[in-house]
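>>> Generate a structure from the sequence data that follows.
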Amino acid sequence: MAAGKLTPRSGRRALLAQWAFVLPAAVYILAFFGYPLVNNIVMSFRHYTAATFWTGEAPFTGWENWAAVLSSDVFGTAVRNTALFTVGSLVGQFTIGLALALFFRRHFPLGRVVRALLLLPWLVPLVVAGTVWRQLLDQEGGVVNDFLRGAGLLDQGVPWLSSPQLALLSVVLVNIWIGIPFNMVILYGGLQEIPSDLYEAAAIDGAGRWRTFISITWPMLRPVVTVVLLLGFIATVKVLDIILVLTGGGPANATETLGTQVYANSFLQLDFGRGAVVGNVLMVACLVFALIYLRANRAEGR
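The predicted structure follows:
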C-alpha cells in the first residue's frame, strides 16, 4: 500500500474521529440551548403558571398569550425603550471605547496602570454598580447633585431616576459607563494586530491622522468591530439587573424594557406563558440583528 493512501477503513476511522470531537459540543448545545429554546416556544402557547409545577397541567391556549402581550400598551412602550436603550448604549460604549483604545496605543508613563483602572466598571458586579449609581444619582443626597449645586450649575437637585423624562437617559449613561471597558479592551486588542508598517508607509506618503484612520485603521479593525457590536447588542438588549436596581422599570414605565417585561410577567405575575412570549421576541430581535449586520458586513467586504 502506498504511503499516505487512505483505505476505506482508515477513511471511516477518520470520519468517526471527527464526529467524536464534534459530538460533545453538539450534545452540549442541544441540551443547554436547543431544549430550552424549543421549550420556551412551546410554553408561549400554553397557560403556564406556578400551579403547573405542581399539577403538571398547562392547557394549550393557541395565540392567546401572544395577542395579550402584543396588544398591551406596556409592550409598545417596552419595545421603544429597549430600542432607545440599546442604540444609546451601543453608540456611547463603542465611541468612547474606540477613543480610549486609540489613546492607549500611545506609550506613556503609567499607561498600563490607567488602562487597568478603567477595567473596574467591567469587574464590579452589576447589582453592586447599580446600587452605587442609585446612591450617586439620588435627588436629595446624591454626590452628582451635590457637585452640580456646589459648582453653581443647579439650584436644586435633579430627579435623575424619578423623572419620566430623565430616567431612561440616566440608565443609558450608567450602562455606557459599565460597557466602556469591554469595548476598549477588545478594540485595543484589534488595534495591536494592525501592522505598524502600514502606518509608517502612510506617514511617508504624508497622510494625516484622519486619513490614516479612514484608510488603514478602520478597514483593518472592521472584523473586530463586527464582533464588538454583535456581542454588545446581544448583551444590551436583554439588560435587566441594572434597570431593576436603578428604577425597577419606572417611573410610569419610563424605563420598562423587554427584559423587565420578561421578569414582570414570569416572576411577579407568575404567568410564564406570557413571559415566554416576550422572551421569544427578544430572541428573534437578536437573531434578526445578527443576520442583517453580518450580511451587511459581508456585502461591504466583497
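
>>> which residues touch residue 216?
194, 198-199, 202 (Cβ atoms under 8 Å, 6 or more residues apart in numbering). For glycine as for every other residue, the C-beta is placed from the backbone atoms N, C-alpha and C.

>>> Double-check that residue 86 belongs to a helix.
Yes - according to DSSP: H, G, I helix; E, B strand; the rest coil, residue 86 belongs to a helix.

>>> Give me the number of neighbouring residues for it.
Residues lying near residue 86 (other Cβ atoms under 10 Å) number 24.

>>> And for residue 99?
14.

>>> can you tell me the helix or strand for it?
Per DSSP states H and E, residue 99 falls inside helix 73-103.

>>> Can you point out the buried residues in that helix?
Of the residues in helix 73-103, 75, 77-79, 81-82, 85-86, 88-90, 92-94, 96-98, 100-102 count as buried by neighbour count, 16 or more other Cβ atoms under 10 Å.

>>> by contact count, what packs against it?
Packing partners of helix 73-103 (3 or more Cβ pairs under 8 Å, 6 or more residues apart in numbering; DSSP states H and E): helix 167-192, helix 218-237, helix 258-263.

>>> TSV please, covering these and showing mean neighbour count and mean pLDDT.
Below are those laid out as TSV (neighbours: other Cβ atoms under 10 Å; pLDDT from 0 to 100):
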stretch	mean neighbour count	mean pLDDT
helix 167-192	21	92
helix 218-237	17	89
helix 258-263	24	92
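
>>> any chance of these in JSON lines, with distance to residue 58 too?
Compiled in JSON lines, these are given as follows (distance: least, Cβ to Cβ, whole Å):
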{"stretch": "helix 167-192", "distance to residue 58": "35"}
{"stretch": "helix 218-237", "distance to residue 58": "28"}
{"stretch": "helix 258-263", "distance to residue 58": "18"}
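
>>> what about these, which gets the closest to residue 106?
Nearest to residue 106, of all those, is helix 167-192, at 11.1 Å by Cβ to Cβ.

>>> which residue is nearest the centroid of this protein?
residue 235 (1.9 Å; Cα atoms, centre = their mean).

>>> so who does it touch?
residue 179.

>>> Setting aside sequence neighbours, what's the nearest residue to residue 227?
residue 186 (6.9 Å; Cβ to Cβ, 6 or more residues apart in numbering).
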